[in-house]
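Q: below are the sequence and a predicted model; questions follow.
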Amino acid sequence: MGVVELIGVATSVSLLAGWRLYLCLFATGLAMRTGWIDLPQHLAGLSVLANPWILGIAGLGLVAEFFADKIAWVDSLWDGVHTLIRPVGGALLAMAIVDPADPAWQVASLLLGGGAALLAHGAKAGTRAAVNASPEPFSNVAVSTGEDIATGGLVFLALANPVAAVLIALLLVALTIAVLLWLRRLWKSLSAPPQPRA
C-alpha cells in the first residue's frame, strides 16, 4: 500500500468515525476477527479492535447509538456528548493506520484524523439539528438509517480496497464541506432579522 492509499484509508476511516465511531470500530474489528479483511503488517495497530472485549464494548456503543440516533433531539444530545469522543476516536484510528515507526507521520495522522472526524461530526450534528426541526418523525429515522448503511458499507470498502479509500475520502470531504456551507446559509437565513414590508 502506497502513501496515497494509506492516507486515503486513514482519512476515510477518520471521516466515517465522525459519523458513527462505534460502527467503524465494530465493523473493522469484526472484519478482522472473521478474517474477511486481512490487514497488511503496517496496519497491525488496528488488530486490537478484533479483541473480544473491544468488540463487545464497540457493539454496546453501536446498539446505543443506533437507537439514540433514531429519536429526535435525543440524537442531538448524543451528538453533543460525542463532540469530544468522535474526534479523539477518529484521531486514534488514523494513528493506528499509519506506520508507527515514524513519529512525524504519527503526529500528522493524529492531528489530521482528529480534524477530519471533527469536521464530519460537525456536519452530521448540524444536519441532524436541522432535521429535528421538521414536524414529522420519519425524516429522522430515514437520515439515521442512511448514515448507518453508508458508514458500514464505506468503512468495509475503504479497508478492503485502498484505491477506493482515496476516492471515498475525497467524496466525504467534498460532501462534508458542502453540508457545512449549506448549514451556514441556513443559519444565516434563520438568524437574519425579518425584512419590513413595504
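A: Perfect, thanks for sending it. Note that the structure is a prediction, hence the values are computed from the model and not measured.
Q: so where is this protein shaky, pLDDT-wise?
A: Within the chain, the ranges that satisfy pLDDT under 70 run 1-3, 37-45, 99-100, 194-198.
Q: for it, which segments are assigned as helices?
A: Along the chain, the segments classed as helices by DSSP state H run 3-33, 52-68, 74-97, 103-132, 138-160, 162-191.
Q: Leu46 is nearest to which of those helices?
A: helix 74-97 (5.0 Å; Cβ to Cβ). Where you see a C-beta, it was placed from the backbone N, CA and C, and this is true even at glycine.
Q: distance between that closest one and the chain's centre?
A: Relative to its parent chain, helix 74-97 has a centroid offset of 8 Å by Cα atoms, centre = their mean, to the nearest Å.
Q: by contact count, what packs against that helix?
A: The helices and strands touching helix 74-97, judged by 3 or more Cβ pairs under 8 Å, 6 or more residues apart in numbering; DSSP states H and E, are helix 3-33, helix 52-68, helix 103-132.
Q: about what we covered before: most packed of the helices of the chain?
A: Highest mean neighbour count among the helices of the chain (mean count of other Cβ atoms under 10 Å): helix 3-33, with a mean of 24.
Q: helices or strands up against that helix?
A: Under the contact criterion of 3+ Cβ pairs under 8 Å, 6+ apart, helix 3-33 touches helix 52-68, helix 74-97, helix 103-132, helix 138-160, helix 162-191.
Q: how far away is Leu157 from Pro87?
A: Plainly put, Leu157 is 23 Å away from Pro87 if you go by Cβ to Cβ, to the nearest Å.
Q: quick one: contacts for the closest residue to Pro87 other than its chain neighbours?
A: Of all residues not flanking Pro87 in the chain, Leu118 sits nearest, at 4.1 Å (Cβ to Cβ, 6 or more residues apart in numbering). By Cβ atoms under 8 Å, 6 or more residues apart in numbering, the contact set of Leu118 is Gly18, Arg86, Pro87, Gly90.
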